[in-house]
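[1] Test case, fold it:
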Amino acid sequence: MRTFLPLILLPGLMLAHAAAATAQEPIETLPIGRYVLDLRGAMPRLKADPLVATAINVTPANLPTRGRGYVAGGQWYALRTGKVTIGIGGEVLVSQARRTLPAAVEGGEEGPTAIRDLIVVTPQVSLNFGKRQGWSYLSGGVGSSIFTAERQAEPPPPDIIVIGTPIVESRQRPLTITYGGGARWFLNRHIAISMDLHFYRIGAQPASITRPAMPATRLLVLSVGTAFK
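    Below is the predicted model:
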């Protein structure tokens with residue numbers, strides 16, 4: 001029994017020594033941790049496509065070109081190869097943009113309101129460069145989106161009775177490719193400032209019973225917020 005006791009204790013002593021050595025290293029020199037979570041405010045830049053404007057019966061000037069929303073996501077860092085850490089994860093982008101044309105003359109009636117909604121879900125792979133307290137990354141992935149444009153409907157007059165059941169149609173989810181990069185700078189061990197710039201290529205959507213056709217488009221999305229680990 002005494003012969004085997006040192007052999008049993010040896011692995012534990014080695015692990016304790018490794019942990020103590022790691023604890024003595026400055027955190028700035030440690031490799032990127034195992035995971036990170038992001039929550040950022042997003043500002044998509046949209047195109048005033050004349051085809052979209054015509055389809056919803058507004059002018060191109062009526063289409064909103066600046067969206068507001070958020071991005072939520074996370075990465076699990078599965079592999080380190082030299083100076084590069086490979087991450088696997090995904091993101092969800094949600095935003096809305098609205099624009100109402102101002103009245104042509106003072107005291108006149110305002111123009112219609114155009115609304116554009118965007119929801120994108122994309123699994124992503126990332127290449128990360130840096131250390132635990134700060135790193136940059138390149139990432140990309142393929143997912144799907146819901147991207148719609150519509151003219152805000154005015155409520156019917158109170159003396160009009162609507163008869164029948166409205167048509168309910170599932171939204172199309174075109175293939176969406178995203179690519180870009182960003183960086184995270186940690187203020188302490190757990191909270192960071194996060195900045196990201198991504199392109200989204202959204203596939204074309206054919207016309208349906210209730211919605212007009214939407215051409216393929218590319219969007220630029222800047223997002224700034226916080227990261228947690």
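[2] Which residue is the nearest non-sequential neighbour of I32?
    Spatial nearest neighbour of I32, excluding adjacent residues (CB to CB, 6 or more residues apart in numbering): T85 at 4.7 Å. The C-beta positions use only the backbone N, C-alpha and C, and glycine is treated the same way.
[3] I'd like the next helix or strand past the helix or strand encompassing that neighbour.
    Here T85 sits within strand 84-100, counting by DSSP states H and E. Counting by DSSP H and E, the element after strand 84-100 in chain order, helix or strand, is strand 113-131.
[4] Which elements pack onto that following strand?
    Secondary-structure packing of strand 113-131 (3 or more CB pairs under 8 Å, 6 or more residues apart in numbering; DSSP states H and E): strand 68-81, strand 84-100, strand 134-151, strand 175-186.
[5] Report the angle between it and strand 134-151.
    When axes from the mean of the first three to the mean of the last three CA atoms, to 10 degrees is applied, the directions of strand 113-131 and strand 134-151 differ by 170 degrees.
[6] mind listing what's buried in strand 113-131?
    By neighbour count on 16 or more other CB atoms under 10 Å, the buried set for strand 113-131 is 113-122, 124, 126, 128, 130.
[7] Just the angle for the strand holding T85 relative to strand 134-151, thanks.
    Going by the same axes, to 10 degrees, strand 84-100 makes 30 degrees with strand 134-151.
[8] Any idea how far strand 84-100 is from the middle of the chain?
    0 Å (CA atoms, centre = their mean, to the nearest Å).
[9] what packs against that strand?
    Using 3+ CB pairs under 8 Å, 6+ apart: strand 84-100 touches strand 35-45, strand 68-81, strand 113-131, strand 134-151.
[10] Let's see that with 7 Å instead.
    Counting contacts by 3 or more CB pairs under 7 Å, 6 or more residues apart in numbering; DSSP states H and E, strand 84-100 packs against strand 35-45, strand 68-81, strand 113-131.
[11] starting at the chain centroid, how far to the helix or strand just after the first one?
    So that's strand 35-45. Sequence-wise, the next helix or strand downstream of strand 35-45 (DSSP H and E) is helix 50-55. Helix 50-55 sits 26 Å away from the centroid of its parent chain (CA atoms, centre = their mean).
[12] What residues of helix 50-55 count as buried?
    52-53, 55.
[13] on that earlier part again, is it true that the residue nearest to I32 touches G33?
    No: using CB atoms under 7 Å as the test, T85 is too far from G33 to be in contact (9.5 Å).
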